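Participant: Test case, fold it:
(2 chains)
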Amino acid sequence: MEFEILGNKDTRSGFGEGLAELGRTNPDVVALCADLTGSLKMDDFKKENPERFFQVGIAEANMMGMAAGMTIGGKIPFTGTFANFSTGRVYDQIRQSIAYSQKNVKIAASHAGLTLGEDGATHQILEDIGMMRMLPNMTVIVPADFNQTKQATIASAAHNGPVYLRFGRPVMPIFVKPDAEFVIGKADVLTEGTDVTIIACGHMVWKSIEALKTLTEKGISVELINMHTIKPLDVDAILKSVAKTRCVVTAEEHMRNGGLGDAVAQVLAQHDPLPQEFVAVNDKFGESGTPMELMTKYGIDTADVVAAVEKVLARKK
Amino acid sequence: MQNEELKNIASQVRRDIVRMVAAVSSGHPGGSLGCADFLTYLYFEGMKHNPENFSKDAKDEDVFFLSNGHISPVFYSVLAHVGYFPVSELATFRKLNSRLQGHPSTDKKLPGIRMASGSLGQGLSVAIGTALTKKLNGDNSTVFTLHGDGELQEGQIWEAALYAAANKVDNLIATIDYNGRQIDGDLDDVLSLGNLEAKWQAFGWDVLSMNGHDFDSIRETMQTAKSKLGNGKPIVIIMKTEMGQGVDYMMGTHKWHGSAPNAEQLQSALNQLEETLGDY
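Facilitator: Numbering: from 1, shown residues only, chains lettered A, B, ... in the order given. Modelled structure (predicted):
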């Protein structure tokens, strides 16, 4: 199947556009940022809604607490900073003041994963999906491209409850239609196939689309699922697909521990034990480099998806 | 309200506190006893609020956040006596399936509580957020908080202190329970706060102080604080208290921060605290 490339943009810009649109359509939406307004593409919202934009400085713990408090009285706060400072740095604030307290806060986390690039491992968080999906009451969304990030941002505001929205820095191809329907918790089946199910999220959806070409040439029929919502996970979509294919490859820009692959493995173990291979970073910190160099070095590139498919097919009885 | 009435309520609240922690052999009586007078004043006289019809959004109501959530016994007792929930429910404190969790929480839907607390240092940030929403909504009511003095050792407090002053969050009155003691000992031995008043002043706050066991001092200071609302500065009150106030053997030491009295000790405490409104 051919995927039409509709353009090339970063997913963080999709967040910025979605937030700006929310600023125009929903007077309850407010935004907080910890000194990364430009990096998070929050400038338009800030310019158009200065009274609803809160610059908190480099003080993420305070930002999370403030966001929780702002929900009392009906506001819908979006916090903006890098994924690392949106999770690991403030886990306890999110846990107590947002998740446990069931506050309607949207945690917008940019520059997630290795593709943050040259800043190196201090900023390349690969554990955030795991931390956030462990929290009761938390919804975890990892959209695949610019258009989907915009759609997910708008859908997050309409959802009542805490949301972790994870996106990234690099410019990547856009393939989700601008008018596509985005439903939290409902996976997108991008290609239907019978030999193997690939379940991917975030930038790895595009890498999997790239892998399709090689796999198709090898005569392998792939069912590719864009699992943009990690929690709640679309269990029905997984079980329906593996009923046909009987094996799975998961692909994510995250640690093997705790991420999408773990979530899918739980579903398989419980409902339909089947071979699964994991395209993910294997218990290592990243390093400086370009986003694409890092994806290659740490085993989450197109070739790694192809290799994982071949491996899982060999295991399939 | 007459001081005599407030004293009567606070005496019953103190009885509730020691009975609640003794019943489950756990909880935090020291700070609870120390804040009984302040919270009694705040809920029975100082705040504009609606116990009969609790709303999470607190529109046009004053809001209080207990940042030092471990003193939940005093909070629960005051909330019950002022009408948020039946006083009899105090008997469920810290027991399985209770709405009165060890530290305050929202997920059991206990009326009067809008935010979980327990992990320290988070309540000032939360209060700033609610204060900002009130401003956005054109709601002129006030946000109050209470913090332990040991809690000020948490860095997030000072992030929040910076923000509130720099952004003129002037519909907020924070109170510090300055009893000078924490779990491991005297605050000055664990980690001194140095000149606390000068610190808050340097951070740009309007600083007041009061005696947390004298209703005239509390009333006068709270009225002064309210007169300063809207002046472009957040307000903090350093409230001098005695941990364990009202129970002689719990005073003058840090040892009753988080320990419950046994049956004999409970009786000794109850002998010192008049039953004014009837035990639950």
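
Participant: For chain B, just list every one of the helices.
Facilitator: For chain B, the helices defined by DSSP state H occupy B:3-24, B:29-34, B:36-41, B:72-82, B:123-136, B:155-166, B:187-191, B:196-202, B:215-227, B:263-272.

Participant: Give me whichever of those helices is most buried.
Facilitator: Across these, averaging neighbours per residue (mean count of other Cβ atoms under 10 Å in any protein chain shown) puts helix B:29-34 on top, at a mean of 30. All C-beta spots, glycine's among them, are computed from the backbone N, C-alpha and C.

Participant: Which elements pack onto it?
Facilitator: Secondary-structure packing of helix B:29-34 (3 or more Cβ pairs under 8 Å, 6 or more residues apart in numbering or on different chains; DSSP states H and E): helix B:3-24, helix B:72-82.

Participant: Tell me where the model's unsure across chain A.
Facilitator: For chain A, the stretches flagged by pLDDT under 70 are A:1.

Participant: try 80 this time
Facilitator: A:1-2, A:317 (pLDDT under 80).

Participant: what does it put close to chain B?
Facilitator: A:30, A:51-52, A:54, A:56-57, A:59, A:61-75, A:77, A:92-93, A:95-97, A:100-103 (Cβ under 8 Å from any Cβ of the partner chain).

Participant: now those: which count as buried?
Facilitator: A:30, A:52, A:54, A:56, A:59, A:61-73, A:75, A:77, A:93, A:95-97, A:100-103 (16 or more other Cβ atoms under 10 Å in any protein chain shown).

Participant: which ones among the residues you listed are found in strands?
Facilitator: Under the assignment DSSP state E, those contribute A:30, A:54, A:77 to strands.

Participant: Show me how chain A divides into domains.
Facilitator: A:7-174, A:188-315 (automatic domain parsing).

Participant: Buried deepest among those domains, which one?
Facilitator: domain A:7-174 (a mean of 23).

Participant: What is the end-to-end distance of that one?
Facilitator: This stretch, domain A:7-174, spans 5 Å end to end (Cα to Cα, to the nearest Å).

Participant: from the middle of its chain, how far away would that domain be?
Facilitator: 11 Å (Cα atoms, centre = their mean, to the nearest Å).

Participant: Please report phi then psi for the residue minimising distance to the centre of chain A.
Facilitator: Chain A has A:Val142 as the residue nearest its centroid, 1.6 Å off, counting by Cα atoms, centre = their mean. A:Val142 adopts backbone torsions of phi -130, psi 90, taken as degrees, to the nearest 10.

Participant: where's it relative to chain B, distance?
Facilitator: 26 Å (Cβ to the nearest Cβ, to the nearest Å).

Participant: sorry, back to before: using JSON lines, lay out the helices of chain B together with mean pLDDT and distance to B:Lys240.
Facilitator: Listed next are the helices of chain B as JSON lines, based on pLDDT from 0 to 100; distance: least, Cβ to Cβ, whole Å:
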{"stretch": "helix B:3-24", "mean pLDDT": "98", "distance to B:Lys240": "16"}
{"stretch": "helix B:29-34", "mean pLDDT": "98", "distance to B:Lys240": "10"}
{"stretch": "helix B:36-41", "mean pLDDT": "98", "distance to B:Lys240": "11"}
{"stretch": "helix B:72-82", "mean pLDDT": "98", "distance to B:Lys240": "17"}
{"stretch": "helix B:123-136", "mean pLDDT": "98", "distance to B:Lys240": "20"}
{"stretch": "helix B:155-166", "mean pLDDT": "98", "distance to B:Lys240": "19"}
{"stretch": "helix B:187-191", "mean pLDDT": "98", "distance to B:Lys240": "13"}
{"stretch": "helix B:196-202", "mean pLDDT": "98", "distance to B:Lys240": "11"}
{"stretch": "helix B:215-227", "mean pLDDT": "98", "distance to B:Lys240": "9"}
{"stretch": "helix B:263-272", "mean pLDDT": "98", "distance to B:Lys240": "21"}
